[in-house]
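Asks: Got a predicted model here, sequence first, then my questions.
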Amino acid sequence: MKNGLLIWNAVLTLAVAFLGYQHFSHHSSDSGSSSVSEASKGKKIVYVQADSLLKNYDYYKDFQKEFESKGFQLENDLANKGRTFQNKIAFFQQRAQQGALSQDQAQAAQAQLGKEEQEIAKYRDDQLRKLDEERIKKTEEFYTNIFDYIKRYNKDNGYEFVLGYSKGGGILFADASLDVTKKIVEGLNKEYKDKAAAPAKK
């Protein structure tokens, strides 16, 4: 479960780094055979630090904690069901060794234990599937929040490129004066806070 969360976080980081390129790369297609320097000359470019965005965006932090908690609860739930099932097996084996069960009773008990084992496995699979579906939904909402906010933010600023920057990514150098991460995070957190407060006012 924890490994899955780590992998998921890494995927989110890489995907957020692709933010600007995915939405603004169509501008570069008009440059034809022009060189990189010619294509970028005079362009209004800023960037967002993907790692910092994930670290400071309250929505991301909250739903990460939410799924970590749900994953922990599911692990405990399954562990409890597993212990209960093992106790039933031990009790059955004890009674069988003591000769307290007839052949028909032993067969019926084995069939019941087999059924319970299948039910536990189905329960585990269903809960994991529901958790994954909810995680996917939340992740889509997470990206939508960022994309939509950047679009609105860009209407007032008129940038031609809003790039996603992360160490080890495709951008090898980024001038700190072009970093708008703080402004983007502040705007996202304000909208998230306002949205969370809205239902309470009704």
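Replies: Received the coordinates, thanks.
Asks: Can you name the element that comes right after the longest helix anywhere in the chain?
Replies: For the chain, the longest helix by residue count, based on DSSP state H, is helix 103-157. Later in the chain than helix 103-157, the nearest helix or strand by DSSP states H and E is strand 161-165.
Asks: Which strands border that next one, and is each parallel or antiparallel?
Replies: When pairs are called by DSSP bridges, strand 161-165 turns out to pair with strand 45-49 (parallel).
Asks: Let me know the helix or strand that the residue of the chain most remote from its centre is in.
Replies: Ranking residues of the chain by C-alpha distance from their mean position (Cα atoms, centre = their mean) puts residue 99 at the top, at 53.1 Å. Assigning secondary structure by DSSP H and E places residue 99 outside every helix and strand.
Asks: Give me the distance between it and residue 107.
Replies: Taken as Cβ to Cβ, to the nearest Å, the spacing of residue 99 relative to residue 107 amounts to 15 Å. For every residue, glycine as well, the C-beta is placed using N, CA and C.
Asks: how about the nearest residue to residue 165, chain neighbours excluded?
Replies: Taking Cβ to Cβ, 6 or more residues apart in numbering as the measure, residue 165 lies nearest to residue 47, with 4.4 Å between them; neighbours along the chain are not counted.
Asks: My guess is the one you found contacts residue 183. True?
Replies: No. Under the criterion of Cβ atoms under 8 Å, residue 47 makes no contact with residue 183, lying 11.8 Å away.
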